[in-house]
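> Have a look at this prediction, sequence included:
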Amino acid sequence: MEAAEDVACDQDAVTHDLEESIVAIDVRDKKMMGCSIFSTADGVLKIANDIPMVNENVAEQFLNFAQATTILISRRVPETILAFVEKHAERNAEVDHVFISEESLLSLQIINHESHPNSQAWSVDSSAGKENLSIYGLLHPLASTPQGRTHLRHMFLNPTSNLDIIADRQRTISMLLEPNNEEKTRRAVSIIIDGIPPLAFNQVGSMIDRVVNFDETKFQQRYSVKPGIDVELDALKRQYDGMNSLLTEVANSVTQDLPTWARRHIKSCIFLPQLGFLTVVEQDSQQTNGGFDLECTNDGQWKKSFVDNEKAYYKNRHMTDLDNQYGDIYSQISDREVEVMQKLAVDIIAQENTLLAAATICGEFDALLALAIGATKYGWNAPQMTTENIIDIKGGRHPLQELLAPSFIPNNCLIGDDNTAPGRRVQALVLTGPNQSGKSVYIKQVAAIVYLAHIGSYVPADKAVIGTVDKILTRISSRESVSSTGSTFALDLKQVSHAMKYATSRSLIILDEFGNGTTADDGVGMFTAMLDYFLSSAAQSPKVLAATHFYEIFANGYLDHHSQLALAHMEVRIDTNAVDAEDKVIYLFKLVEGYSSTSLGSQCARISGIPEIITDRAEVIGELLSRNKDLTYNWSKGIDEEADFNHVYQEIEEFLNLEPSI
């Protein structure tokens, strides 16, 4: 696809400054439409397959997939498409779009689309890949129509902070879930149907029903036209239907031209599309030219086409005459039916606006119905949306993790004004604690609940008060690739830099183990400085939710001067009497106040199968490092030697502590 020229549509000032997703749309030969998408977040350029049609539907699919912040339109694009793109940009600006990058959508498992094995090409066709385990994947099967699934995906890709839109969607879901509203639901469906112009809709249905033979279409797996629609097509079909009797006569004629001994080998005459008329000869395993020697027939026009199931298929003078007389009649029928269907399509397109309006209305209703079914199926509740800058979740759950675990422990979250401590506002919540204790699941579940609330969905929580956000920015896990330039830590820094540059007081920032990609000292320094930066932004401080193993930051009181900082950890119990390593650590997955001063790394290593000789040594080294001891001498000794030394040292210490007896 050629480069797009200098016609651009900017959606709004904020998203334009982000330059997160730049989309270029071009048209070739007035019949092919293509698109390229460049993401400044990861520096990846995607080029779509050219689509052999030019219309608003293709343009809309391109734009919806890309979540475009900047749109470039070639001058070759028709005026109708340009006008549609401009309206699309204006509409997205009006609905107060919540910004979230593609990387964040994948990291939070909101959408996790797996490409087709031909991953070099991207296509707007949803069948070109499949949806992996994701939140959208939970609800996608609950929509019963293609239009509903398309609109549901559009809602997921376009979260909004417009409270009116969110409230409308929540009211619809609530009405659908109310058992006493069955009659109201029927009335709503009637209103939707009444909103579609009946005359135009009936005309389209009548045209299709008059032309298409649905039973034959299903049987042949291609469109079939009813009799009486096209005179030429009817004549061709009559010829084709009478082919059996004709072929029987021709087979008899072919047989009469052969010697008596060869006639028994002729089985029949058939017609095959694209190959034409053929004579079927019984194949003799001892002869390669059929059941008889063709030269003995004194007919040099016999020519073998192919062999299948011990039968040989021949062209001869009779078959050639039939080909010349009738041609490939099956292909003629197919071509003529295509022409009739194209004419029908042109007639239907005349009612395009009516059909698109009907599809849009039905798609929106089906998408909301899918959200309602999902709320019932998974036990979700309606969040209270507000303009206050707060996240207050009671009994929150991770929508995916709770389906994979035998039991799931719900947890609360409060970022905003703390009612239990008047005058205190929590702006950042930092989690510490052991590996595998549930820190990452917790911060992701909060982000997922906030995101679902902004598409108008119910959320996996007992109760939730969600203040509108303008952006959800994450540093969770980089998708490493051989095509990526820079280390994992460099990519992490790029994500954090992006968050620091564009975050506002209405933004939510999710940080998972930032700083682990470099040395411990550098990681602690970077993480501490970053938290200090966010917490020192006064009125512009974003809401921050972070998980880290750098507990020494809080043990040494580096951030004690920030009253907006709250610390918590996931509760863990240690059973010292347990014999097996996996029984010594009991994960309770419950959020409690305060920081945890241990990661239990060696215990996790034992549970994962690391030999005790390694984990024991790791504990010794860790203890020495925590006491700032020199490792040179201790590292040179083996574990057994060190144990003997410690035993002797302990005996000497006990001897020196003995009181002299008189």
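Yep, that arrived.
> residue boundaries of the helices in the stretch 101-250 of the chain?
Secondary structure of the stretch 101-250 of the chain, counting by DSSP state H, counting those that start in this stretch: helices at 102-107, 135-139, 146-157, 163-177, 182-194, 198-211, 214-220, 231-241, 243-256.
> Same question for the stretch 451-600 of the chain.
Counting by DSSP H, counting those that start in this stretch, the helices of the stretch 451-600 of the chain are 488-502, 520-535, 552-555, 581-584.
> by contact count, what packs against the first one?
What that stands for is helix 488-502. strand 471-475, strand 507-512, helix 520-535 (3 or more C-beta pairs under 8 Å, 6 or more residues apart in numbering; DSSP states H and E). C-betas here are computed from N, CA, C, even on glycine.
> Report the angle between the first one and helix 488-502.
When axes from the mean of the first three to the mean of the last three C-alpha atoms, to 10 degrees is applied, the directions of strand 471-475 and helix 488-502 differ by 160 degrees.
> which outside residues touch strand 471-475?
98-101, 103-104, 107-108, 447, 450-451, 492, 495-496, 498-499, 502-504, 506-512, 514, 542 (C-beta atoms under 8 Å, 6 or more residues apart in numbering).
> next one: stretch 104-114
Contacts for stretch 104-114 (C-beta under 8 Å, 6+ apart): 100, 129-137, 153, 156-157, 400, 444, 447-448, 451, 472-474, 476-477, 479, 510.
> Same list, the helices and strands packed on helix 488-502, but as TSV with mean pLDDT, mean neighbour count and distance to His265 please.
Formatted as TSV, the helices and strands packed on helix 488-502 follow (pLDDT from 0 to 100; neighbours: other C-beta atoms under 10 Å; distance: least, C-beta to C-beta, whole Å):
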stretch	mean pLDDT	mean neighbour count	distance to His265
strand 471-475	92	25	76
strand 507-512	94	23	77
helix 520-535	87	17	85
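> would you turn the ones you listed into a markdown table with distance to Gly416?
Output for the helices and strands packed on helix 488-502, formatted as a markdown table (distance: least, C-beta to C-beta, whole Å):
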| stretch | distance to Gly416 |
| --- | --- |
| strand 471-475 | 16 |
| strand 507-512 | 11 |
| helix 520-535 | 14 |
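> closest one to Leu247 among the ones you listed?
strand 471-475 (69.4 Å; C-beta to C-beta).
> between the closest one and strand 507-512, what angle do the directions make?
Using the same axes, to 10 degrees: strand 471-475 against strand 507-512 is 20 degrees.
> Dump the helices of the stretch 451-600 of the chain into TSV; add distance to Asp234 as well.
Shown next, in TSV, are the helices of the stretch 451-600 of the chain (distance: least, C-beta to C-beta, whole Å):
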stretch	distance to Asp234
helix 488-502	66
helix 520-535	76
helix 552-555	84
helix 581-584	77
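> between those helices, which one is nearest to Ile409?
That would be helix 581-584 among the helices of the stretch 451-600 of the chain, by C-beta to C-beta, at 18.8 Å.
> For the chain, name the helix or strand with the lowest mean pLDDT.
helix 13-18 (a mean of 38; mean pLDDT, DSSP states H and E).
> Can you check what angle separates the strand or helix carrying Leu429 from helix 520-535?
Assigned by DSSP states H and E, Leu429 belongs to strand 428-432. Angle of strand 428-432 versus helix 520-535, following the same axes, to 10 degrees, is 160 degrees.
> which residues touch strand 428-432?
413-415, 439, 442-443, 531, 534-535, 541, 543-551, 554, 562, 564-570, 591, 595-597.
> what distance separates the start and the end of stretch 26-35?
End-to-end span of stretch 26-35 (C-alpha to C-alpha, to the nearest Å): 6 Å.
> now that stretch, how far from the chain's geometric center?
26 Å (C-alpha atoms, centre = their mean, to the nearest Å).
> List the buried residues for that stretch?
For stretch 26-35, the neighbour count (16 or more other C-beta atoms under 10 Å) marks 26-27, 33-35 as buried.
> Now for those residues: which two are most distant?
Across the buried residues of stretch 26-35 (C-beta to C-beta), the longest gap, 10.4 Å, separates Val27 and Cys35.
> Which strands border the strand holding Leu429, and is each parallel or antiparallel?
If you go by DSSP bridges, strand 428-432 pairs up with strand 543-547 (parallel), strand 565-574 (parallel).
> who's in contact with Gly374?
138-139, 142, 380, 457-458.
> so which of these is the most crowded?
Ser457 (30 neighbours; other C-beta atoms under 10 Å).
> gap between that residue and Arg169?
8 Å (C-beta to C-beta, to the nearest Å).
> Over to Val524?
44 Å.
> What are the buried residues along the longest helix anywhere in the chain?
Longest helix of the chain, by residue count under DSSP state H: helix 352-378. For helix 352-378, a neighbour-count test (16+ other C-beta under 10 Å) marks 354, 358-359, 361-375 as buried.
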